[in-house]
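Enquirer: Provided below for reference: sequence and predicted model.
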Amino acid sequence: MRPAIVALAVSVCIAGCASPSSPKADTGRHIDIVTSPPAAPDSAFYAMDDDGQKVVHAMQMVQDGKIQAAIDGPINDVIAKYEKEYAGKQVYSARGGAEGILYGLLGAADAAKSSTKARAHIIVIGPSWAMAYWARSYALTEMNRTTEAEADLRRALALSPMDSQFKNELAYLLMRRGEISESLTLFQEAEANAELTSPYPVDIKCVALRGQGYVLVELHRLDDAEAAYRKCMALVPDEPKSKAELGYIAEQRKKAASK
C-alpha cells in the first residue's frame, strides 16, 4: 500500500464562529442549532486565517440582513478559491491536528481500496473551505432555500466527514423535513464526535442531545428523550431549553395516564 501524503495547514481555523439564530420548527417547543462559544478556542485547534476572517465577516453580513451580498461576496470568493486550487484532488478540511490526522488515515484507507493512483495523494487543510460551505448553507436557509442549503452542508461534510457542527445543522434540516431516522443518527454522531471536532464540545454536545431529545419525543420514545435532555443538563446544569422540554415530556405522560 502506498503511503498517504498528508499536508496539514496548521495556521487556519474558524472553529469559534457560531451561527446566528436558525429558524425553529413551528411547534412551540425548543429545537435549535445555536451555540455561544467561549472567547478563545483550545490550543489543539488551529488559529483563524484570512479566509476564515472572510467567513466571519460574511456571517455578520447575514446577521445584518445582507444575505445575498454575503453569498455573492466573501462566501463565494472563498469557495471559488478552494474549488479552483484543489479541483480533482482528494482534500479534507479539519479544525485541528488530531482531526486532520484522522482524515489522513481515513483517506489512506480509502486509497488502498482504489486502483486510481491519484487517490493515494491526500491533502488535509484547515477548516475555512468547509466553513464557507456551511456559511452559505446557513445564508440559504435564512432565505428558505433549504434544498440548496442541504447540498452545501453535504459538501461541507464531504470535506469534514466527522464535524459535529455540520452534522447538527444537517440533522436539523432533515428533522424539519420529517426525515427523522437520518436526523437522529446525525445528532448521535455529532454528540460522539464533539470532543474531536470542536473546541467547544460542551456546547456542541448539548445541541446534539437536545436534537436527539426532540426527535425521540416525535418518535414517542419519551424515556430515551428524557435521558438525552438530562445528559445535556449534566453538562450544563439547569440548561433552560432542556429543562423546558422535560416539562413538556412530563405533560405528555400525564395526558397519556389520564386516557
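Expert: Thanks, I have the structure now.
Enquirer: Poorly predicted segments of this protein, please.
Expert: Counting by pLDDT under 70, the chain has low-confidence residues at 1-43, 111, 114-120.
Enquirer: Okay, strands next: where are they in it?
Expert: Ranges of strands within the chain are 90-93, 122-125, based on DSSP state E.
Enquirer: elements contacting the last one?
Expert: Right, strand 122-125. Strand 122-125 is packed against strand 90-93, helix 97-112, with contacts defined by 3 or more C-beta pairs under 8 Å, 6 or more residues apart in numbering; DSSP states H and E. For the C-beta atoms, the positions are set from N, CA and C on the backbone; glycine is no exception.
Enquirer: Pick the most deeply packed of the ones you listed.
Expert: Of all the helices and strands packed on strand 122-125, strand 90-93 has the most neighbours on average by mean count of other C-beta atoms under 10 Å, namely a mean of 23.
Enquirer: List the neighbouring strands of that strand plus their orientation.
Expert: Here strand 90-93 has these sheet partners by DSSP bridges: strand 122-125 (parallel).
Enquirer: got the residue ranges for the helices in the stretch 51-200 of the chain?
Expert: Assigned helices in the stretch 51-200 of the chain, in chain order: 67-70, 76-85, 97-112, 128-142, 146-159, 164-176, 180-197 (criterion: DSSP state H, counting those that start in this stretch).
Enquirer: would you list those in TSV and tack on distance to Glu251?
Expert: Putting the helices of the stretch 51-200 of the chain into TSV (distance: least, C-beta to C-beta, whole Å) gives the following:
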stretch	distance to Glu251
helix 67-70	37
helix 76-85	45
helix 97-112	41
helix 128-142	30
helix 146-159	30
helix 164-176	21
helix 180-197	21
